[in-house]
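>>> quick one, what's the 3D model for this:
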Amino acid sequence: MKLTIRVKLLLIILIANTALVLAIYVANKLAFEKSFSEYIENTSRVQLQEVIAKVAQTYEKHGSLAWVYKGSDDWESLVRFYYGLARDTGRGGFSGYEGSRPPPPRDDSRPPPPRRYDEANIRQDDFRPPRPRRTDEEFRRRDERRQPPPRPANRRLLLKDADGQLLMGNAQNTQNTFWFPIYKTDHLSEPKSAQVIAYLGVEGSGLIRNEFDQLFAKQQQQQFILIALVALLVTVLLAVPFSKYMVKPIIQLRRNAKVLTQGDYSAQVDISSKDELGLLARDMNRLADTLAQNQIARQQWIADISHELRTPIAVIRAELEAMIDGVIDSTPEQLMSLHEEIQRLTRLVEDLHQLSLSDRGALTYHMDRHNLHDILSRTFAKNRHQIDAKHLACSLQCAEDLELDCDEQRLGQLFDNLLQNSLRYTDSSLQQPGTLDVKVTQHDGETKICWQDSAPGVSPAQLSKLFDRLYRVEGARSREAGGSGLGLAICQSIVLAHNGEVSADLSELGGLAIMITLRH
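The predicted structure follows:
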């Protein structure tokens, strides 16, 4: 059976509340039994004070407990005194005594009911003078003669000495018995300095034997069970709508996720709460927006790649067909033009391959300690011929002993791409040479590289798009300069692999400034 979140939540609430009710019931039962037992003990203690005092007096008369034995006049007197208290006090804590309840008092204030006379039942005795009315004392004596003496129902007196040795009573009947100490110095109090001479108890005094006590305890348990059942019923009535309310946003999120899997990224979840479900809904909405943007970028990426590949292929095809048809001659100039288009196509394919490896994380980086000044110097020396042909004035500001952990080959590729970007797009001539300034600083575990060139520059609105793949700035920085629009994207992937950041800004020289931060 498949359990939904709503059913699970409902079961959790019910189980938790049931466990709580059971724990309260057990705790209440234990507390009630303990409190009631203390109540019975205290009640018995108060009602046995006179018996305890009589035992202490008898002890002082004899000086020991030698008088405690079966058939002893003192013990029999004590037992009769104990039974007399039971008869006088009624239930009086000595619960369970048969015949100990006194008869109800006579009410002589009411007149006797009138007697009916008829002619058939008239007797001579009915006209005798009335007998004198008996007094209350005569009624009490008559009731005492008719009433048998109270007999304890398994509630006999027990006595043991100060060492705990049982002197009177059966050892098997000492269970569930409250023992009350008897002191030598004071009969009614229990001072700490008093000497204990014996312990007095009543068989079964620790048990709830009185029918009223048992009825009270039973009613307490029944009432608590009723309250527990009502509490569980209220819990069910509240848990059903509560679980529905809690599961409702989850159902909405599930439906929205199903819509996203079908390719519809315009679906949004309308949950305005500020709890975890509300945060999850907002994250899912952002996910939908990101997927929509990625879909648009992927479609644009495919369109740009197809356009970039189609242009050099179309040029090569047109020139080859013209040569085959004899429209143009196969001169070295024409062959050089075809070679340039093939080189452009090769660079584009290679750049695409580098980016695909970077996206898959397949580019390998061998980190080691290298001198950054040497890497930059080799980059400028390798491209010295192009720099001189462009009449570009280059300056490098970097400490010769500056080192950092990096991949020498990948960092050289980064500087090569930046240098080719400057050579390709910077305006420079013999009469008005361009400028390239590279400045490297290292401070607090960060190495900052500022790569900036002279005019032309880009508009501030285009700075954030320079690292997008296949993006070209319209105008001077265009396809005619020979770029594929992938160089800065490759630079960004290399910098990120070195745990760094890269950004573009307007240069103080009038062109573009690339700011790189490498952490180590």
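>>> show me where pLDDT drops low in the protein?
For the chain, residues meeting the criterion pLDDT under 70 lie at 1-2, 85-155, 173, 175-176, 185-193, 204-214, 359-363, 474-484.
>>> which residues sit against the host helix or strand of Asn417?
For Asn417, the host element (DSSP states H and E) is helix 408-425. By Cβ atoms under 8 Å, 6 or more residues apart in numbering, the residues outside helix 408-425 that reach it are 363, 365-366, 368, 370, 372, 375-376, 378-380, 382-383, 386-387, 390, 392, 436, 451, 453, 456, 476-477, 481-483, 487-488, 490-491, 494-495, 497-498, 511-512, 514. No exception for glycine: its C-beta is placed from N, CA and C like everyone else's.
>>> among these, which are located in helices?
Using DSSP state H, the subset of those located in helices is 372, 375-376, 378-380, 382, 386-387, 390, 487-488, 490-491, 494-495, 497.
>>> type out the PyMOL command that picks the buried ones from these.
Command for PyMOL, covering only those of the ones in helices among the contacts of helix 408-425 found buried under the criterion 16 or more other Cβ atoms under 10 Å:
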select buried, resi 372+375+376+379+387+390+487+488+490+491+494+495+497
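>>> all strands of this protein, in order?
Under the criterion DSSP state E, the chain contains strands at 97-98, 151-152, 157-161, 166-168, 179-183, 196-202, 368-371, 392-397, 403-406, 434-443, 446-454, 500-506, 510-519.
>>> dump those to a markdown table, plus distance to Val240 and mean neighbour count.
Formatted as a markdown table, the strands of the chain follow (distance: least, Cβ to Cβ, whole Å; neighbours: other Cβ atoms under 10 Å):
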| stretch | distance to Val240 | mean neighbour count |
| --- | --- | --- |
| strand 97-98 | 55 | 16 |
| strand 151-152 | 58 | 15 |
| strand 157-161 | 59 | 19 |
| strand 166-168 | 62 | 17 |
| strand 179-183 | 55 | 19 |
| strand 196-202 | 55 | 21 |
| strand 368-371 | 66 | 13 |
| strand 392-397 | 74 | 14 |
| strand 403-406 | 62 | 18 |
| strand 434-443 | 64 | 18 |
| strand 446-454 | 59 | 21 |
| strand 500-506 | 54 | 17 |
| strand 510-519 | 56 | 20 |
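>>> dump those strands to JSON lines, plus distance to Leu65.
Shown next, in JSON lines, are the strands of the chain (distance: least, Cβ to Cβ, whole Å):
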{"stretch": "strand 97-98", "distance to Leu65": "26"}
{"stretch": "strand 151-152", "distance to Leu65": "22"}
{"stretch": "strand 157-161", "distance to Leu65": "6"}
{"stretch": "strand 166-168", "distance to Leu65": "6"}
{"stretch": "strand 179-183", "distance to Leu65": "10"}
{"stretch": "strand 196-202", "distance to Leu65": "6"}
{"stretch": "strand 368-371", "distance to Leu65": "99"}
{"stretch": "strand 392-397", "distance to Leu65": "113"}
{"stretch": "strand 403-406", "distance to Leu65": "97"}
{"stretch": "strand 434-443", "distance to Leu65": "99"}
{"stretch": "strand 446-454", "distance to Leu65": "97"}
{"stretch": "strand 500-506", "distance to Leu65": "98"}
{"stretch": "strand 510-519", "distance to Leu65": "94"}
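>>> and those: which comes nearest Arg282?
Between Arg282 and those, the shortest gap by Cβ to Cβ is with strand 500-506, which sits at 26.9 Å.
>>> next, the angle helix 487-497 makes with that closest one.
Using axes from the mean of the first three to the mean of the last three Cα atoms, to 10 degrees, the inter-axis angle of strand 500-506 relative to helix 487-497 is 140 degrees.
>>> all helices for the stretch 151-300 of the chain, in order.
211-261, 276-325 (DSSP state H, counting those that start in this stretch).
>>> circling back: with just CA atoms, put the helix holding Asn417 into CSV.
Extracted as CSV, the C-alpha positions of helix 408-425 are listed here (Å, rounded to 0.1, in the frame of the first residue of the first chain):
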residue,chain,number,x,y,z
GLU,A,408,51.8,26.9,-16.8
GLN,A,409,50.4,25.7,-20.1
ARG,A,410,46.8,26.8,-19.4
LEU,A,411,47.9,30.2,-18.0
GLY,A,412,50.1,30.6,-21.2
GLN,A,413,47.0,29.9,-23.3
LEU,A,414,45.1,32.5,-21.2
PHE,A,415,47.7,35.2,-22.0
ASP,A,416,47.9,34.2,-25.6
ASN,A,417,44.1,34.7,-26.1
LEU,A,418,44.2,38.0,-24.4
LEU,A,419,47.2,39.1,-26.5
GLN,A,420,45.5,38.0,-29.7
ASN,A,421,42.3,39.9,-28.7
SER,A,422,44.4,43.1,-28.2
LEU,A,423,46.3,42.6,-31.5
ARG,A,424,43.1,41.9,-33.4
TYR,A,425,41.0,44.8,-32.1
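>>> got the buried residues for it?
Burial within helix 408-425, assessed by neighbour count using 16+ other Cβ under 10 Å, is assigned to 408, 410-423, 425.
>>> alright, calling it a day.
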